[in-house]
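**Student:** Model the structure of this input:
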Amino acid sequence: MMKIYRTKDKLLTVTDDMSEGSWVCLTAPTESEVRRVAATLDIEPSDLFAATDPEESARISLEDGYTVIIVDIPYQVPGSGPGIYSTIPMGILLTQELVVTVCSVDTPVIGDFSSCRVKGFSTRKKMRFVYQLLYRAATMYQQELRLIDRRRQALEKNLSGDLRDSDLVELHGLESTLVYFATSLRANATVLDRLTRYKRLEQYPDDRELLDDVIVEIRQAIEMTSIYRDDIKGTRELFSSILDNRLNNAMKYLTSITLLMAVPTVVSGLYGMNVSSEGMPFASSQAGFAIVLGLTLVICGVTAWFLHKKHML
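**Tutor:** Sure, this is the predicted structure:
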């Protein structure tokens, strides 16, 4: 889908022509839309298609007449639970006349601008618009990171209850998400670092301050990712320790119960031996069965008391 926007009198309007000061927004574009934009703006189609390739890495390159900026943005995997994300590339192509954005999905990073939810946004201020897009992407990382940490805290609250396999799978998914975020954020930071050194891109003082804010937000997101990865690692180790402890307790109780069950088994086995009854205690007494049963219960009681004192029962 392709839409062309232009800011006029501080209002964002939809237009049909790619004139100066416009914003061309490509969301999961078709081949015909890509080739139309490429032919109109004298852009290589491969640079537009690159932003729709999920394997494309973050980068910045200066081409003949335009600049290509590709950054990674958070993307929730369809059908996954809350806090489970991956990253996908978003392309920003900056020409002398206008800005082109390309993404394979309808992302909130771009949707906030098309819905006029960003203050001070103008398609005519190209560099400021680019930095605002990058700033929105950086803040989106922080929002998702806080959601991931809340999910981790929710899983920790279930430690006192029954641990389910789904909890461990979800924790692994959160940890994988943080790995994707850490890799993408480092790549984005490299892009921003190179962006500050390019003399070709005209930057006004206010724009430079915004770029510095973007760099600060990216660094903060990288630090948050590192902290939350350590937290999840600690939670995973805590899960493992609790499961091991519960298994040890279960084996301890089973061993104690087995020991208690062995007492009557041994006694009944002795009295079931094929020997003369004259040599077996209480064998000749009419109350012999009750006496043997009572002694067995006493031995079991003493054994149970001893195991309880040793915290094994």
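**Student:** For the stretch 101-250 of the chain, which residues score under the pLDDT cut-off?
**Tutor:** Low-confidence segments of the stretch 101-250 of the chain (pLDDT under 70): 160-161, 199-204.
**Student:** Try it again at 80.
**Tutor:** Screening the stretch 101-250 of the chain residue by residue with the criterion pLDDT under 80, one finds the ranges 120, 158-167, 197-207.
**Student:** Helices along the stretch 51-200 of the chain, start to end?
**Tutor:** Ranges of helices within the stretch 51-200 of the chain are 108-114, 126-157, 165-195, based on DSSP state H, counting those that start in this stretch.
**Student:** Make CSV from those and add mean neighbour count and distance to residue 38 to it.
**Tutor:** Any C-beta I mention is one placed from the backbone N, CA and C, and that applies to glycine too. Supplementary listing: the helices of the stretch 51-200 of the chain in CSV, determined by neighbours: other CB atoms under 10 Å; distance: least, CB to CB, whole Å:
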stretch, mean neighbour count, distance to residue 38
helix 108-114, 18, 20
helix 126-157, 19, 19
helix 165-195, 18, 22
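**Student:** Is it possible to get TSV of the ones you listed that adds distance to residue 78?
**Tutor:** Listed next are these as TSV, based on distance: least, CB to CB, whole Å:
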stretch	distance to residue 78
helix 108-114	15
helix 126-157	16
helix 165-195	14
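**Student:** looking at those, which is closest to residue 237?
**Tutor:** Taking CB to CB as the measure, the helices of the stretch 51-200 of the chain were each checked against residue 237, and helix 165-195 came out nearest at 10.9 Å.
**Student:** Run the chain-centre distance for that closest one.
**Tutor:** Mean C-alpha position of helix 165-195 versus that of the full chain (CA atoms, centre = their mean, to the nearest Å) differs by 7 Å.
**Student:** and that helix, what does it pack onto?
**Tutor:** When contacts are defined as 3 or more CB pairs under 8 Å, 6 or more residues apart in numbering; DSSP states H and E, helix 165-195 packs onto strand 59-63, strand 66-76, strand 85-95, helix 126-157, helix 205-271.
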